[in-house]
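Colleague: Let's see this in three dimensions:
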Amino acid sequence: PKGTTMPKLYGASMAALVSTPSEFHIAPMQCYTNQPLRKLAGFLSPSSVKWTEMEKVDDLLPNVENALQKRLAGEEEDDNLVLQLGSNDVSKLDSCVRVASQNFPNLKEINLNCGCPAIDTGGAATY
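Modeller: So this is what the prediction gives:
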């Protein structure tokens, strides 16, 4: 109604949230959300946002560009791809982000996981 304001939700008005189209995201699942599955998802839903598995920065070093090329081969033109990087070392993470953003300009986002408790506890998801 005129004269009323919509409530704020995390700095965005409810009106903005309602008028924004939803995106369909392909969730990252370790050992399942690989390049062939993301390719299939792209065929089934071309506008879907595809997430990579969490890539451990230490597994990408020392040649980050080659390691990412191997993991992202065939997806160089996909502008709905989110690369996930995990590390407890901020400088290594920074280095990987720089290489990824320079060599893969198609990436929609680069999602960072730095300081996850699983890293410190040595669980199955250690980075």
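Colleague: Who does the most centrally placed residue in the chain form a beta bridge with?
Modeller: For the chain, the residue lying nearest the average C-alpha position, counting by Cα atoms, centre = their mean, turns out to be residue 82 (3.1 Å). Note on residue 82: beta-bridge partners by DSSP bridges are residue 51, residue 109.
Colleague: Distance from the longest helix seen in the chain to the middle of the chain?
Modeller: Longest helix in the chain, counting residues (DSSP state H): helix 90-103. Computed by Cα atoms, centre = their mean, to the nearest Å, the chain-centroid distance of helix 90-103 equals 14 Å.
Colleague: hang on, isn't the residue nearest to the centre of the chain packed against residue 112?
Modeller: No - contact criterion Cβ atoms under 8 Å: residue 82 and residue 112 do not qualify, at 11.0 Å. C-beta coordinates here come from the backbone N, C-alpha and C atoms, glycine included.
Colleague: can you pull the pLDDT of residue 82?
Modeller: Looking at residue 82, its pLDDT is 91.
Colleague: go on, the one 5 residues further on?
Modeller: Model confidence at residue 87, given as pLDDT, is 89.
Colleague: how close does it get to residue 63?
Modeller: Noted for residue 87: a distance of 16 Å to residue 63, by Cβ to Cβ, to the nearest Å.
Colleague: Quick check on these two: which one has the bigger neighbour count.
Modeller: residue 87 (26 against 11; other Cβ atoms under 10 Å).
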